[in-house]
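A.B. asks: What follows is a predicted protein model with its sequence.
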Amino acid sequence: MFSVCVCARFQVRPKEVHLQAVKRISRYLKGTPNLGIRFYRSQNFSLLGYYDADYAGDNWERKSTSGGCHFLGRYLVSWTSKRQSTIALSTGEAECVAAGQCLTQLLWIKHQLEDYDIYESSIPVLCDNTPAINISKNPVLHSRTKNIEIKHHFIRNHVQKGTFELIYVKTEEQLADIFTKPFQEDRYV
């Protein structure tokens, strides 16, 4: 997924190297036709979100990448991988931007489910950055985070209301990593 998003950045003025990368991705997809996403009937409509950020991972502009995936029951229903529009000054800031994007998407899914009287409880959101979780629970806005004040208030407000519960997950178990960092075969096999 990450590789596809990187290639998409060069759609306007592609070069030979980008075409080679797209061909390599296409060969991989052609060689793995048995892999896919299957959905089976289920009564489990619990939402779950994962988010992550690759701090300053863009070698050209030093912008961070936000990524996240959203599950309904045990099924992946939405995912995102997007280069952040501003340059983050810290890992915490990059994670806060990624959290804001993930929570916004989960909130939209939750409202869709509420239209069908399906969803009511708090949504667990998993991240591998303890400081980002602590900032979301802290009622004091530190001067170091003032440049992300609006996202911080949005996240903290929903955490305090019980809409979301931010939970720590080990980096090895972080499913959103595949949307923010290059593929490492040994990790996902």
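C.D. replies: Received the coordinates, thanks.

A.B. asks: how is this protein carved up into domains?
C.D. replies: Using automatic domain parsing, the domain parsing of the chain gives 1-36, 40-188.

A.B. asks: Including mean neighbour count and mean pLDDT, could the ones you listed go into JSON lines?
C.D. replies: Bear in mind the C-beta positions are built from the backbone N, C-alpha and C, glycine included. Shown next, in JSON lines, are the domains of the chain (neighbours: other CB atoms under 10 Å; pLDDT from 0 to 100):
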{"stretch": "domain 1-36", "mean neighbour count": "11", "mean pLDDT": "85"}
{"stretch": "domain 40-188", "mean neighbour count": "17", "mean pLDDT": "84"}
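
A.B. asks: residue contacts, Leu107?
C.D. replies: His158, Thr163 (CB atoms under 8 Å, 6 or more residues apart in numbering).

A.B. asks: Repeat the analysis, applying 10 Å as the threshold.
C.D. replies: Residues in contact with Leu107 (CB atoms under 10 Å, 6 or more residues apart in numbering) are Leu47, Gly49, Ile123, Phe154, His158, Thr163, Phe164.

A.B. asks: now, which of those residues lie within strands?
C.D. replies: Leu47, Gly49, Ile123, Phe164 (DSSP state E).

A.B. asks: Make JSON lines from the residues you listed and add distance to Arg83 to it.
C.D. replies: Converted to JSON lines, the ones in strands among the contacts of Leu107 look like this (distance: CB to CB, whole Å):
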{"residue": "Leu47", "distance to Arg83": "26"}
{"residue": "Gly49", "distance to Arg83": "20"}
{"residue": "Ile123", "distance to Arg83": "25"}
{"residue": "Phe164", "distance to Arg83": "24"}
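
A.B. asks: Just the closest of those residues to Thr91, please.
C.D. replies: Nearest to Thr91 among these is Gly49, at 19.2 Å by CB to CB.

A.B. asks: The closest one reaches Gly100, doesn't it?
C.D. replies: No. Counting by CB atoms under 10 Å, Gly49 sits too far from Gly100 to count as a contact (11.9 Å).

A.B. asks: the residue most distant from the middle of this protein, which is it?
C.D. replies: Glu16 (29.9 Å; CA atoms, centre = their mean).

A.B. asks: Among the contacts of Leu107, which pair sits farthest apart?
C.D. replies: Top of the distance list for those (CB to CB): Leu47 and Phe154, 17.6 Å.

A.B. asks: related to what we said a few turns ago, closest to Ala94 among the ones in strands among the contacts of Leu107?
C.D. replies: Among those, Gly49 lies closest to Ala94 (CB to CB), at 16.9 Å.
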